[in-house]
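A.B. asks: Quick one: sequence and predicted model below, then my questions.
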Amino acid sequence: MSNNLDLHTKCISTLTELLNKYENSEYMLQRINNHIINYLPNTLDIEFKNYEKRVNRNTFLTNEQQIFIQVFLSKNQYFYLSNNNFFYEYNGKNYFIIREDDIIHKLLSSISKDRVLLQWKHKTKINIIKQIKERNLLSSIPETDTIQNVLNVLYPSVFSSKNSAKYFLTIIGDNILKKNCNLIFLINNQMKKLLIELDSIALDSIGYSSTTFNFMTKYHENHSYENCRLIKINENFSNDIWRDILKKIGLDLLCVATHYSKRYDNSDKFIDNKSDEELKNYAYYLKTSNPNAIVLEFRNKYIVDTNKDNKMEWKNIHFVWKQFLSKFYLPNVIYSNTLKNIIKESYDYDESTDSFIGVTSKYLPVHSDFIKFWENTIVSCSLDSEALFDNEIEIDELSSLFKHWTKQYNEPLMTNGNITEENILKILKHFFPSVEIVENKFVLNVTSTLWDKISDINNSLDFIKEQIKSQHKLALISFDDAYNYYYKYCSLNSIKIIVSKRYFEKYLYYKIPDHIAYEKLIETSWIFNI
């Protein structure tokens, strides 16, 4: 407003100066009058109309550019890493390294087909490349197909359970994202060979070195038990096969790993909140133990008290100790002299024969509770019920629900609620053969009395709308952003079990089909829909 007054004042001042200058010249006064009355209004009117056209054209092109960019980046999932200056493409199944020139070629071809933005071709290209460089590869969310493909490669060939594979991926993700750097993961030599190959792939594909820096084959006495974790692979797995696998899905594996690290916060929280009891006990074996307790377990399992006439040489006890470690897949976390001294505290020792006196060696139901849980909390539903939508429960969701149920159940139970996904599948297939299971992951046409998945999503929609109002000015919002707002809603409201991204998107197609655009985007006009 102040600027307009200044211009107004300057115009009047200039006109006044001209009138004063030629006040004695009738001819010049007539010329001034003629210019003002006959020429100036038309000239200004034309200039104003041209100005409005330029503004409207610029506004139109700006809106078209924003929509074009959003649609282009939704249909073409490109990402970037600044540490190696690499661009990446994700097709919904696999990640690839891609050249910037290839992105630009596809971009310019799309603009040429669109034709509306031909005048802004260069400007649009710069804008899109800038936005791609802001999309960090390690923040991408892999689709279910990608995650399952990676897990199917790791389980059962490399790891004995799917949870073990997820745990391993979460550890790798933590290392890439520099979390839990104080932890030490003790492994066998066979696994070390596999990790060397993984390190090489990580360096070549995402520019990260020492992705497996904290995996070690030997325990050192400077390592605190509190910071040590155990992880194992199937002993007969081929390193050559692993090398071939990494060449095909190495980048997918790394992206799933960082996704799991973010999803579960870190590997310890995965163990605390998602793992079964067997995996938890193994991974935390050293964290929850000490040398004396480990030796006591060894004695109870492998040593038998006898009469004083029997002796067992130290070299034989040490051999049995190694059998104990091998049987339970434990690293040698107690040095030989320490082990010997601890055993001396419990048994008489004959130093002359290096023998312990009076000892010899010995060689060494969650199903029922889950059935009770299923019969009391899982309800079958028909496909033609609109209110029930097309319901399904994922196997890992059943695992979480079972754990929650066991904590609240009043009657005595045989288990603490930890169960593997593999065991759940076995129970369902054997005791409930009519239950429809797809891809060993989705149980169809059932709901849980403990968790109304659809209500959780519906209750989050108002929150999602408010987030869109406050944070988005464009005409479209991606499914990923909407799911992140749903995730934020669950976190703020202490909702522990969260529906998968796949199920969330499936429900949006059902709930707001008229507001879905370009397959993976939501029209923000939806927020005004009641």
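C.D. replies: Sure, I can see it.
A.B. asks: show me what contacts residue 459?
C.D. replies: Residue 459 sits next to residue 489 when contact means Cβ atoms under 8 Å, 6 or more residues apart in numbering. Just so you know, the C-beta spots here come from the backbone N, C-alpha and C atoms, and that holds for glycine as well.
A.B. asks: That one looks like it's in a helix, true?
C.D. replies: Yes. Assessed by DSSP: H, G, I helix; E, B strand; the rest coil, residue 459 belongs to a helix.
A.B. asks: And stretch 21-36, what's buried?
C.D. replies: Residues of stretch 21-36 classed as buried by neighbour count (16 or more other Cβ atoms under 10 Å): residue 32.
A.B. asks: With stretch 312-330 instead?
C.D. replies: Across stretch 312-330, burial judged by 16+ other Cβ under 10 Å covers 312, 314, 317, 320-321, 324-325, 330.
A.B. asks: now swap in stretch 435-455 and tell me
C.D. replies: Across stretch 435-455, burial judged by 16+ other Cβ under 10 Å covers 437, 441-443, 445-448, 450-451, 453-454.
A.B. asks: Between all of those, which two are at the greatest distance?
C.D. replies: Distances among those were taken as Cβ to Cβ; the most separated pair is 437 and 454, at 20.7 Å.
A.B. asks: For residue 134, give me its contacts.
C.D. replies: By Cβ under 8 Å, 6+ apart, the contact set of residue 134 is residue 80.
A.B. asks: If I look at it, what pLDDT would I see?
C.D. replies: At residue 134, the pLDDT value in this model is 94.
A.B. asks: same check, this time on residue 530
C.D. replies: Residue 530 is given a pLDDT of 51.
A.B. asks: Also residue 242?
C.D. replies: pLDDT recorded at residue 242 is 84.
A.B. asks: Residue 197 is in contact with that one, correct?
C.D. replies: Yes. In this structure residue 242 lies within contact range of residue 197 using Cβ atoms under 8 Å: 6.0 Å.
A.B. asks: Which of the buried residues of stretch 435-455 fall within helices?
C.D. replies: Applying DSSP state H to the buried residues of stretch 435-455, the entries found in helices are 453-454.
A.B. asks: ok, so of the buried residues of stretch 435-455, who is nearest residue 251?
C.D. replies: Residue 251 has its nearest neighbour among the buried residues of stretch 435-455 in residue 441, at 23.0 Å by Cβ to Cβ.
A.B. asks: I figured the closest one hits residue 395, correct?
C.D. replies: Yes. Applying Cβ under 8 Å, one finds residue 441 in contact with residue 395, separated by 5.6 Å.
A.B. asks: next one: the least confident helix or strand in the chain by mean pLDDT to chain centre, how far?
C.D. replies: The weakest-scoring helix or strand in the chain, judged by mean pLDDT, DSSP states H and E, is helix 40-75 (a mean of 79). From the chain centre to the centre of helix 40-75 is a distance of 41 Å (Cα atoms, centre = their mean, to the nearest Å).
A.B. asks: Residue 234 versus residue 498, what's the distance?
C.D. replies: As for residue 498, its distance to residue 234 is 31 Å (criterion: Cβ to Cβ, to the nearest Å).
A.B. asks: of those two, who's got more company?
C.D. replies: Between residue 498 and residue 234, residue 498 has the larger neighbour count (other Cβ atoms under 10 Å), namely 19 against 14.
A.B. asks: OK, contacts around that one?
C.D. replies: Contacts for residue 498 (Cβ under 8 Å, 6+ apart) come out as 486-487, 490.
A.B. asks: Can you classify it as helix, strand or coil?
C.D. replies: Applying three-state DSSP: residue 498 is coil.
A.B. asks: Mind pulling up the pLDDT for it?
C.D. replies: Listed pLDDT for residue 498 reads 89.
A.B. asks: Would you mind measuring from it to residue 53?
C.D. replies: Distance, residue 498 to residue 53, using Cβ to Cβ: 51 Å.
A.B. asks: How about residue 295?
C.D. replies: Computed as Cβ to Cβ, the residue 295 to residue 53 distance reads 88 Å.
A.B. asks: Who has more neighbours out of these two?
C.D. replies: It is residue 295, of residue 295 and residue 53, that has more neighbours when counted by other Cβ under 10 Å, with 21 against 10.
A.B. asks: Distance to residue 125 and pLDDT for the buried residues of stretch 312-330 - can I get that in a markdown table?
C.D. replies: Shown next, in a markdown table, are the buried residues of stretch 312-330 (distance: Cβ to Cβ, whole Å; pLDDT from 0 to 100):
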| residue | distance to residue 125 | pLDDT |
| --- | --- | --- |
| 312 | 78 | 84 |
| 314 | 75 | 89 |
| 317 | 73 | 86 |
| 320 | 70 | 82 |
| 321 | 67 | 89 |
| 324 | 65 | 89 |
| 325 | 61 | 89 |
| 330 | 58 | 92 |
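A.B. asks: And those, which is closest to residue 527?
C.D. replies: Using Cβ to Cβ, the buried residues of stretch 312-330 come closest to residue 527 at residue 330, 56.3 Å.
A.B. asks: picking that back up, list the buried ones in the least confident helix or strand of the chain?
C.D. replies: By 16+ other Cβ under 10 Å, the buried positions in helix 40-75 come out as 61, 65-74.
A.B. asks: For stretch 323-335, measure first residue to last.
C.D. replies: By Cα to Cα, to the nearest Å, the extent of stretch 323-335 from end to end equals 15 Å.
A.B. asks: In strands, which of the buried residues of stretch 312-330 appear?
C.D. replies: Taking DSSP state E, the ones among the buried residues of stretch 312-330 that sit in strands are residue 312.
A.B. asks: Tell me the one of the buried residues of stretch 312-330 nearest residue 120?
C.D. replies: For these, the nearest to residue 120 is residue 330 (64.7 Å; Cβ to Cβ).
A.B. asks: any idea of the pLDDT on residue 109?
C.D. replies: pLDDT, residue 109: 83.
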